[in-house]
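Enquirer: Coordinates for the following, if possible.
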Amino acid sequence: MIEDKIISKGILNLVLNESVTILNGIPRDSTAFDVYLASYFRAHQKRYGKRDRTLIRTILFSHLRYTLRTEVWFHFLFPHIDVDTHTPLCMSLSLFFNKEITFQTLIAFCNESKLTFSTPRMTLLRTRKLPPSCRFKSLHEKLSLMHSFPEWLVKKWSHTFGKKLTTTLCAFLNHRAPLTIRANTLLVSRNDLKKRLITAGHTVRSCPLSPAGLFIDSDLSLYNTDEFKKGYFEIQDEGSQLIGYIINPSHFDYIWDVCAGSGGKTLHCAALMENKGNIIATDPRKSMIQELEKRIQRAGVTNVHRARLSTNINKQFKTLSADMIIIDAPCSGTGRLRRDPMLRWKLSPMSIKQHADKNIEILDRYARFLKQFGRLFYCTCSLEEEENEGVVKRFLETHRDFEAGSFTPHASFTQKITSHQFRIDPVLFKTDGFFVAVFEKIG
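Expert: From the prediction side, this is the model:
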């Protein structure tokens, strides 16, 4: 609980006001909220200490995860007050829903706000459920308000996954995601890294699914550790790490990682290949290629060649013929809503369709650079059928020179795969959600 880290209620008041300032300054662009917040803290290192960063992060994530439930309760408790004029109090309600403060602390904040409220109504809040005055037209509306997801998205998931799983999924995606790292096995084993970090004062647990993964439970900064500076680990969700083991590149492969970004999966493939073979890592964004270069150097990777994608790829890569092409496609990102709770309000049915259409174009554009009998991997961090199975179906229908391929996962990956496509289900795997499919070029 956040209360365990609070020295006084006055400190929490100050941090709540700081959180409001940060919330009002969040850009409405495509920047992921967790990425924005990490960047904000780096730019204001002298302003916020470790405790303040932890408190602000908890407050903001709680507020974004429980926006609708908070507003419903605020109107029930204070029916004649504008919710927008009392953001700190709304944040304290969100902290209570997220089980970060006790009911007694919440009452103290309400009293301090000097707003008049009904004690019997306030007592009902103990359940953390929706107020009894709520009347719902459908289960979708109830789940939407309870878990603060857009109603259209809840309805969509209910159609895809069923109502029971959707209820579980909404609750899971409102949980705090663990800080997860991947040991860089080019330089250190997982066990050695674990011992080093424990010695440095971190609380560390081994991931159950990824043989290179570690959970970090402490609030100490990882970026200042010798282990980070030496390239002994990368921050990467366990589900994302599993993609590398499913793809399972060999020492002899010539790979093109088309949408490499800053290189999470690129660097994992390089480690699995033990710096053998060749990987071309590309991205159209200059900033991503620059960040990738830093990570390559730090990780001691020697088999990755990076390049910024130009508008004329036929000229830029006219002689390229890859054994394997990896397309970690841009997508809605619904599989990582634990880490970016603001994303749910940026999405729409149209944006999901647009991502699916765009990814068909990307697959079509880059599939031609695969040699015969080579394999094309299509990956997303989306839960949406249109972006996953739907894209796979459309691609196979329009590309007769490809067929559904078969996975040859790493020996450490023990999950049974019976198809050419595989979902890393967030509820089942307790990770972010991912999808991966494989095609084989036969023509």
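Enquirer: Now do the helices in the stretch 101-250 of the chain.
Expert: Assigned by DSSP state H, counting those that start in this stretch, the stretch 101-250 of the chain shows helices spanning 103-112, 119-124, 139-147, 151-161, 163-173, 190-199, 226-229, 238-247.
Enquirer: so can I have a markdown table of the ones you listed showing distance to Gly335 and mean neighbour count?
Expert: Using the backbone N, CA and C atoms, a C-beta is placed for each residue, glycine as well. Below are these laid out as a markdown table (distance: least, CB to CB, whole Å; neighbours: other CB atoms under 10 Å):
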| stretch | distance to Gly335 | mean neighbour count |
| --- | --- | --- |
| helix 103-112 | 32 | 15 |
| helix 119-124 | 35 | 12 |
| helix 139-147 | 16 | 20 |
| helix 151-161 | 12 | 18 |
| helix 163-173 | 9 | 18 |
| helix 190-199 | 24 | 16 |
| helix 226-229 | 26 | 14 |
| helix 238-247 | 8 | 24 |
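Enquirer: So which of those helices is nearest Pro211?
Expert: helix 190-199 (6.8 Å; CB to CB).
Enquirer: still on that earlier bit, for Arg295, which of the helices of the stretch 101-250 of the chain is the nearest?
Expert: The nearest among the helices of the stretch 101-250 of the chain, by CB to CB, is helix 226-229 at 11.0 Å.
Enquirer: average pLDDT for stretch 310-326?
Expert: Taken as a whole, stretch 310-326 has a mean pLDDT of 89.
Enquirer: swap that for stretch 347-366, please
Expert: Mean predicted lDDT for stretch 347-366 stands at 97.
Enquirer: Only the C-alpha atoms, please, for it, written as CSV.
Expert: Output of stretch 347-366 as CSV, limited to C-alpha atoms (Å, rounded to 0.1, in the frame of the first residue of the first chain):
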residue,chain,number,x,y,z
LEU,A,347,-8.5,4.0,-29.0
SER,A,348,-11.6,3.7,-31.2
PRO,A,349,-13.1,0.9,-33.4
MET,A,350,-11.8,2.9,-36.4
SER,A,351,-8.2,3.1,-35.1
ILE,A,352,-8.2,-0.7,-34.6
LYS,A,353,-9.4,-1.2,-38.2
GLN,A,354,-6.8,1.3,-39.5
HIS,A,355,-4.0,-0.6,-37.7
ALA,A,356,-5.2,-3.9,-39.3
ASP,A,357,-5.2,-2.4,-42.7
LYS,A,358,-1.8,-0.8,-42.2
ASN,A,359,-0.3,-4.1,-41.1
ILE,A,360,-1.5,-5.8,-44.2
GLU,A,361,0.3,-3.2,-46.2
ILE,A,362,3.5,-3.7,-44.2
LEU,A,363,3.4,-7.5,-44.6
ASP,A,364,2.8,-7.1,-48.3
ARG,A,365,5.7,-4.6,-48.7
TYR,A,366,8.4,-6.6,-46.9
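Enquirer: Nearest the geometric middle of the protein, what residue?
Expert: Arg336 (3.0 Å; CA atoms, centre = their mean).
Enquirer: What's the local residue count around Lys430?
Expert: 16 (other CB atoms under 10 Å).
Enquirer: Show the pLDDT at it.
Expert: Looking at Lys430, the pLDDT reads 97.
Enquirer: Leu173 versus that one, what's the distance?
Expert: 12 Å (CB to CB, to the nearest Å).
Enquirer: And for Val204?
Expert: For Val204 relative to Leu173 (CB to CB), the value is 25 Å.
Enquirer: One more: Glu386?
Expert: For Glu386, the distance to Leu173 - CB to CB - is 19 Å.
Enquirer: Likewise for Lys286?
Expert: On the measure of CB to CB, Lys286 and Leu173 end up 32 Å apart.
Enquirer: ok, now Ala200?
Expert: 32 Å.
Enquirer: quick one on the thing from earlier: and the helices of the stretch 101-250 of the chain, which one averages the lowest pLDDT?
Expert: helix 103-112 (a mean of 84).
Enquirer: Could you pull out the strands in the stretch 201-350 of the chain for me?
Expert: 204-206, 213-216, 233-235, 254-257, 278-283, 304-308, 322-328 (DSSP state E, counting those that start in this stretch).
Enquirer: Which one of those strands lies nearest to Arg42?
Expert: Going by CB to CB, the one of these nearest Arg42 is strand 233-235, 13.8 Å.
Enquirer: longest single strand anywhere in this protein?
Expert: The single longest strand within the chain, with elements called by DSSP state E, is strand 370-380.
Enquirer: Which strand or helix spans the residue nearest to Leu60 when sequence neighbours are not counted?
Expert: Sequence neighbours aside, Ser19 is the residue nearest to Leu60 in space, at 5.5 Å (criterion: CB to CB, 6 or more residues apart in numbering). Using DSSP states H and E, Ser19 sits within helix 9-24.
Enquirer: average pLDDT across the helix or strand following that helix?
Expert: Sequence order places helix 33-43 as the next helix or strand after helix 9-24, per DSSP H and E. Averaging pLDDT along helix 33-43 gives 87.
Enquirer: how does this protein divide into domains?
Expert: 2-135, 179-235, 239-441 (automatic domain parsing).
Enquirer: Could I get the ones you listed in JSON lines, plus columns for distance to Leu165?
Expert: Putting those into JSON lines (distance: least, CB to CB, whole Å) gives the following:
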{"stretch": "domain 2-135", "distance to Leu165": "19"}
{"stretch": "domain 179-235", "distance to Leu165": "20"}
{"stretch": "domain 239-441", "distance to Leu165": "7"}
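Enquirer: Out of those, flag the one nearest Phe161.
Expert: Using CB to CB, the nearest of these to Phe161 is domain 239-441, at 8.3 Å.
Enquirer: Can you give the distance of that closest one from its chain's centre?
Expert: On the basis of CA atoms, centre = their mean, to the nearest Å, domain 239-441 is displaced by 15 Å from the centre of the chain it belongs to.
Enquirer: Quick one: end-to-end distance for it.
Expert: This stretch, domain 239-441, spans 27 Å end to end (CA to CA, to the nearest Å).
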